[in-house]
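Q: My questions concern the predicted model and sequence given below.
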Amino acid sequence: MIPLIHDLSGKSVTIFGGGRVAFRKASFFHPEAAVTVIGRSIDEEIIKLGVTCITKEVCAGRESIADFIKGSALVVAATSDKKLNNVIGEVCRERGIPFNNADGDPGDIMIPSVVRGKNYMIAISTEGKSPAIPRYIRHLLEKECRGIDDMIELQSEFRETLKNEIPDQDERNRILREILEDETVWGHLETDKRAAVEYITRKYLR
Ligand SMILES: C[C@@]1(CC(=O)O)C2=NC(=C\c3[nH]c(c(CCC(=O)O)c3CC(=O)O)Cc3[nH]c(c(CC(=O)O)c3CCC(=O)O)/C=C3\N/C(=C\2)[C@@H](CCC(=O)O)[C@]3(C)CC(=O)O)/[C@H]1CCC(=O)O
Ligand SMILES: NC(=O)c1ccc[n+]([C@@H]2O[C@H](COP(=O)([O-])OP(=O)(O)OC[C@H]3O[C@@H](n4cnc5c(N)ncnc54)[C@H](O)[C@@H]3O)[C@@H](O)[C@H]2O)c1
C-alpha cells in the first residue's frame with residue numbers, strides 16, 4: 001500500500017454503520033469532507049458531530065447500496081454485518097469508488113493514525129497488522145513534535161531571507177539543516193519565536 005495525502009474538501013464521504021467505529025471514521029473525515037452516516041441506529045455522539053445522518057436499515061441488495069453511494073468520493077463500511085460490508089465493497093469496486101472496510105474483506109483504502117500540527121501531518125499505519133501500534137506511535141510523536149510548527153514557520157521565513165543573501169543553494173541547505181540541529185534555536189522557540197529569529201540572523205547571516 002502507498003500513503004497519499006488527499007484533498008477531500010467538499011467531497012462526499014458515505015459511512016455505513018452508526019456505532020463506535022462509524023463515529024471514529026466520521027470524525028476522521030468531518031468537517032473537511034461532507035460526511036453522510038447511514039445506520040439502522042445512529043449513536044448520539046455521531047449526531048452531535050453535525051454530519052448528515054440517515055437512520056435506515058440497509059439490505060445487501062446492490063441497487064439500494066448503489067443509490068446510497070451515488071456521488072461519493074469515498075465509502076466506509078463500518079456496520080457489524082460483515083456480509084453487508086463486503087457487498088458494499090463489491091459495489092464500490094464496480095464503480096471505482098475508494099473503499100475502506102472496518103470489518104470484512106479488506107478494502108483498497110486504510111485509515112491511518114494521524115499526528116497533526118498547524119503546518120504538518122504525519123500518517124502512521126501498520127497496514128492492519130496491529131491497530132494499537134499507530135495510536136501508540138502517535139502518542140510518542142505528539143510528545144516529540146512540540147515546537148515543530150514554530151520551527152516550520154521559522155525555516156520557511158528564513159529560507160526566503162537566505163535566498164536573497166546567499167546565492168549558493170547547497171550553502172543555504174546546509175545552514176537550514178544546521179539550524180534544525182541547533183539546540184539553542186529549539187530552546188528559544190519554546191518561549192520566544194522573535195528571539196529565535198534574532199539568534200539565527202546573528203549566527204548564520206553575519
Ligand atoms: C488509526 C485508526 C483510525 C480509525 O479507525 O479511526 C485505526 N484504528 C484506530 C483505533 C482502534 N482500532 C481498534 C481499537 C480498539 C477498540 C475498538 O474496538 O474500537 C481502536 C481504538 C483505540 O485504540 O483507541 C481495534 C481494531 N482496529 C481494526 C480492527 C479490525 C481488525 O483488525 O480486523 C480492530 C478490532 C480487532 C482488535 O481488537 O484487534 C482495524 C483497523 N484499524 C485501523 C485504523 C486500520 C488499520 C490500522 C493500521 O494498523 O494501520 C484498520 C485495518 C481499519 C481501517 O482501515 O480503518 C484508529 C487509531 C486512531 C488513533 O487513536 O490515533
Ligand atoms: N476497523 C476498526 O477500526 C474496527 C475496530 C473495532 C471493531 N471493528 C469492527 O467493526 C464493526 C463495527 O464496530 P462498532 O464497534 O461500531 O459496532 P456497533 O455494534 O457499535 O455498531 C454497528 C452499527 O452497524 C449498524 N448496522 C448493522 N447492520 C446494519 C444494517 N443492515 N443496516 C444499517 N445499519 C446496520 C448498527 O445499527 C450499528 O449502528 C464490528 O464488526 C467490529 O467488530 C472494526
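A: Everything's here; your move. Ligands and ions are numbered 1, 2, ... in the order given.
Q: element containing the residue nearest to the spatial centre of the chain?
A: Using Cα atoms, centre = their mean, the residue of the chain that lies closest to the mean C-alpha position is V114, 5.1 Å off. Counting by DSSP states H and E, the element that carries V114 is strand 113-116.
Q: Next, see if that strand gets close to ligand 1.
A: Yes - residues of strand 113-116 contacting ligand 1 under Cβ under 6 Å from any ligand atom: S113. In short, each C-beta sits where N, CA and C put it, glycine included.
Q: Now do whichever helix or strand comes after that strand: distance to the chain's middle.
A: Next along the chain after strand 113-116, taking DSSP H and E as the criterion, comes strand 121-124. On the basis of Cα atoms, centre = their mean, to the nearest Å, strand 121-124 sits 7 Å off its chain's mean C-alpha point.
Q: Name the strands paired with strand 121-124 and say parallel or antiparallel.
A: The strands beside strand 121-124 in its sheet (DSSP bridges) come out as strand 113-116 (antiparallel).
Q: give me the element the residue nearest to R62 when sequence neighbours are not counted is part of.
A: Spatial nearest neighbour of R62, excluding adjacent residues (Cβ to Cβ, 6 or more residues apart in numbering): V91 at 5.4 Å. For V91, the host element (DSSP H and E) is helix 82-95.
Q: Output that helix as PDB, nothing but the C-alphas.
A: Taking Å, rounded to 0.1, in the frame of the first residue of the first chain, the C-alpha atoms of helix 82-95 are listed here in PDB:
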ATOM      1  CA  LYS A  82     -19.500  -8.400   7.600                       C
ATOM      2  CA  LYS A  83     -21.500  -9.800   4.700                       C
ATOM      3  CA  LEU A  84     -23.200  -6.400   4.200                       C
ATOM      4  CA  ASN A  85     -19.800  -4.600   4.500                       C
ATOM      5  CA  ASN A  86     -18.400  -6.900   1.800                       C
ATOM      6  CA  VAL A  87     -21.300  -6.300  -0.600                       C
ATOM      7  CA  ILE A  88     -20.900  -2.600  -0.100                       C
ATOM      8  CA  GLY A  89     -17.200  -3.100  -1.100                       C
ATOM      9  CA  GLU A  90     -18.100  -5.000  -4.200                       C
ATOM     10  CA  VAL A  91     -20.500  -2.300  -5.400                       C
ATOM     11  CA  CYS A  92     -17.800   0.400  -4.700                       C
ATOM     12  CA  ARG A  93     -15.200  -1.700  -6.700                       C
ATOM     13  CA  GLU A  94     -17.600  -2.000  -9.700                       C
ATOM     14  CA  ARG A  95     -17.900   1.800  -9.700                       C
END
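Q: wait, does it contact ligand 2?
A: Yes - under the criterion of Cβ under 6 Å from any ligand atom, ligand 2 is reached by helix 82-95 at L84.
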